[in-house]
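Participant: Just the structure for this:
(chains A, B and C)
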Amino acid sequence: MNSNPNSEFQIPNSTLELLDFTLRLADDAVIMGHRLGEWCGHGPVLEQDIALTNTALDHLGRARSLYQYAADQVNRLPVDEKKKLFTSVAFQNLVSSGASVDEDDLACLRDCWDFRNVLLVEQPNNDWAYTIARSFFYDAFNYFFFTELVKSKNETLSSIAEKSLKEVTYHLRWSSEWVVRLGDGTDESHARILTAINDLWMYTGELFTMNETDKVMFQQGIAPDLDQIKTSWLASVRSVFSEATLTIPTGTWMQHGGKEGTHSEHLGYILADMQFMQRAYPEMEW
Amino acid sequence: MKDTNKAEWPLWEVFIRSKAGLDHKHAGSLHAADAQMAMENARDVYTRRMEGVSIWVVESKYIHASDPEESESLYDPANDKIYRHPTFYNLPDEVKYM
Amino acid sequence: MTVHSFQEHFDKLIDNEVTIEPKDWMPDDYRKTLIRQISQHAHSEVVGMLPEGNWITRAPSLRRKAVLLAKIQDEAGHGLYLYSAAETLGVSRDDLYDQLHSGKAKYSSIFNYPTLTWADMGAIGWLVDGAAIMNQVPLCRTSYGPYARAMVRVCKEESFHQRQGFEIMLTLSNGTEVQKKMAQDSFNRWWWPSLMMFGPPDADSPHTAQSVRWRIKRLTNDELRQKFIDVTVEQAKVLGLDMPDKDIKWNEERGHYDFGAINWDEFYNVVKGNGPCNKQRLETRKKAWEEGKWVRDAAMAHAEKRKTRMNKAAQAA
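Facilitator: Coordinates of the predicted model:
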């Protein structure tokens, strides 16, 4: 990769931030897709099984585009810099061998602390109400986020956002309707969706915190200001909740850490499943 | 009917326009609690492979179908009205494009 | 018309390869046989989602994961098309589910075998879907209109299923030693159950003749099985895998491959509920259905509330 070992390689400004940002979006998508995929074959009715799988496939497709872009970014770095990125032995071996990194390496050879997804998406499915609440919070975020990301100065991200926006517009419509159905359905469904939104509420704050990466990306015109998105998001949540006869939870304490790699216990189990084949049978074609 | 069947979502018929300019064609059926959901289910079930650009859904109970026993009186009388078809008329060869 | 003349009319339609539609008169046995066959097929699609569903979270690459998800989703769709076809015969999907969950209805016994390695995703696509297609393609011309139309849709969508399975097997057999071993192990485990998918030998299948006459079945169990064996042996050669049956041998005279004895004792036991996964599969389906009840009820309750509100608003206006 780096043919001249004596050359002083300067990593251009914000290269690592862009990678961190790209990976976060990819990780969000792959973990959400993974969770929704767990429903396949177990949905409450065939029609909704199919609907949820469509959404899972959208997330998975977006994850792949983003991982491919992230892999491009990684492959442009010299070996020494690549090695500093992720800690797992499998990743170190791959990089040392001189092979280039691909989408599956990024999904399957990084450990939990290298994952950047928000805590919300890794929360378990529990029941239909949890799944709907989690989707709704995330879909509403995605809708406003991708609406802004379309304007990104980064052409790759902008074009991924353009395609994603069509998908998440439908996701939001679907999950909003389900929030209303459950909220304004039976006593049981109302109680269940209420529990779900109360429990998941503390994972919504992280969607909008501007960490170092977010600040740099915003300054460069690559990513939107998450504060602004929060305003739109809240308005949207409020309006759907009002139709659903639900109110916004009063809790103000928010969990953080996913964007920096400090996750809940759940992620480890997801990765144990997702990475099993690549870890047990490394460096093979499937 | 058992109690569990009380809550079965109604059946809907789905009609899909496969591309602009064509008629909507019956694609199949599905269950949904309401029209909005029927529309979305139709999208998710019947247009996964780009089969459609427009969807109609109608609750199956609102479809009125003709009785096959009456088919003789309904359709056979059209058999001898061949004058409704353009090939019934003889035109001289010189007349083109009519 | 008298019942006798109804029957005559029906027979004439059947003999002239005319399609029977839901509102046409049909003999009770025809209706019952159809409901049984279509719902068994639908149940097989839905239960069949489970063994493959095991591997969604463990697929070895993101591409494979997407393909697998899409494939299993298709199976849900096929179940749905088939239940819809059965519903035109005057039975509800909920009733059919009750029959499945109570153990009264059967589904393809192949899905009572476990998926132990990734190669099983390949073997299922290649063998199980391959066997299913053999069965299903002739059914696109079956006598009952809604069933035939459902099958046309199913077959159109299924065409990628077998291919993706074969592709998985091909990748494994072109791969490392351990991958080849994985492919062969999977082939060994799925081969015999795949042959059983076509059902008991014709001699032990008393309803075949009637079903063939009704065009509900277009080829007999043994004919389909032989056809499947003949093509699969050739495909296994391409994969470089050994046939799990040492008695496979080309028979010049018959123009077919001869094959070894199928363990019908195992088949009947799996059908009876003694397969490795019968209980597990049924429990999983029941759990999904029972846990989904409050969701389905909520949607209905909401739809009714909304309707009432709209009616009130209309009255007030």
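
Participant: contacts, neighbours, all on C-alpha from now
Facilitator: OK.

Participant: Show me what from the stretch 51-200 of chain C comes close to chain A.
Facilitator: C:53, C:56-62, C:64, C:66, C:69-70, C:72-73, C:76-77, C:80, C:168, C:171-172, C:175-176 (CA under 8 Å from any CA of the partner chain).

Participant: again, only using 6 Å
Facilitator: Neighbours of chain A within the stretch 51-200 of chain C, by CA under 6 Å from any CA of the partner chain: C:57, C:58, C:60, C:61, C:73.

Participant: Including neighbour count, distance to chain B and secondary structure, could those go into TSV?
Facilitator: Below are those laid out as TSV (neighbours: other CA atoms under 10 Å in any protein chain shown; distance: CA to the nearest CA, whole Å; DSSP: H, G, I helix; E, B strand; the rest coil):
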residue	neighbour count	distance to chain B	secondary structure
C:57	21	22	coil
C:58	23	24	coil
C:60	24	24	coil
C:61	20	22	coil
C:73	26	9	helix
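
Participant: Could you export those as a markdown table, including pLDDT and distance to residue C:40?
Facilitator: Formatted as a markdown table, these follow (pLDDT from 0 to 100; distance: CA to CA, whole Å):
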| residue | pLDDT | distance to residue C:40 |
| --- | --- | --- |
| C:57 | 98 | 28 |
| C:58 | 98 | 29 |
| C:60 | 98 | 32 |
| C:61 | 98 | 33 |
| C:73 | 97 | 18 |
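
Participant: check contacts around residue C:99.
Facilitator: Applying CA atoms under 6 Å, 6 or more residues apart in numbering or on different chains to residue C:99 gives the contacts residue C:105.

Participant: does it count as helix, strand or coil?
Facilitator: Secondary structure assignment for residue C:99 (DSSP: H, G, I helix; E, B strand; the rest coil): helix.

Participant: do the same with the one 5 residues further on
Facilitator: Following three-state DSSP, we place residue C:104 in the coil state.

Participant: Nearest to chain A: which residue in the stretch 151-300 of chain C?
Facilitator: For the stretch 151-300 of chain C and chain A, the shortest gap (CA to the nearest CA) falls at residue C:292, measuring 3.8 Å.

Participant: what does chain C put close to chain B?
Facilitator: Residues of chain C lying close to chain B by CA under 6 Å from any CA are C:297, C:299, C:300, C:303.

Participant: Now do residue B:39 against residue A:224, distance only.
Facilitator: 34 Å (CA to CA, to the nearest Å).

Participant: Check residue A:17 too.
Facilitator: Residue A:17 is 14 Å from residue A:224, by CA to CA.

Participant: In contact with residue C:168, which residues are there?
Facilitator: residue C:122 are the contacts of residue C:168 under CA under 6 Å, 6+ apart.

Participant: Next, give phi and psi for it.
Facilitator: Here is the backbone geometry of residue C:168 (degrees, to the nearest 10): phi -60, psi -50.

Participant: so where is chain C shaky, pLDDT-wise?
Facilitator: Along chain C, segments meeting pLDDT under 70 span C:1, C:3.

Participant: try 50
Facilitator: Applying pLDDT under 50 to chain C picks out no residues at all.

Participant: residue boundaries of the helices in it?
Facilitator: Here chain C has its helices, by DSSP state H, at C:3-15, C:28-47, C:49-53, C:62-87, C:93-101, C:119-123, C:129-136, C:145-173, C:177-196, C:208-213, C:221-239, C:264-269, C:278-291, C:293-316.

Participant: quick one, which of those helices is nearest to residue A:168?
Facilitator: Of all those, helix C:62-87 sits nearest to residue A:168, with 17.8 Å by CA to CA.

Participant: of residue B:39 and residue A:224, who's got more company?
Facilitator: Set residue B:39 next to residue A:224 and count neighbours by other CA atoms under 10 Å in any protein chain shown: residue A:224 wins out with 23 against 19.
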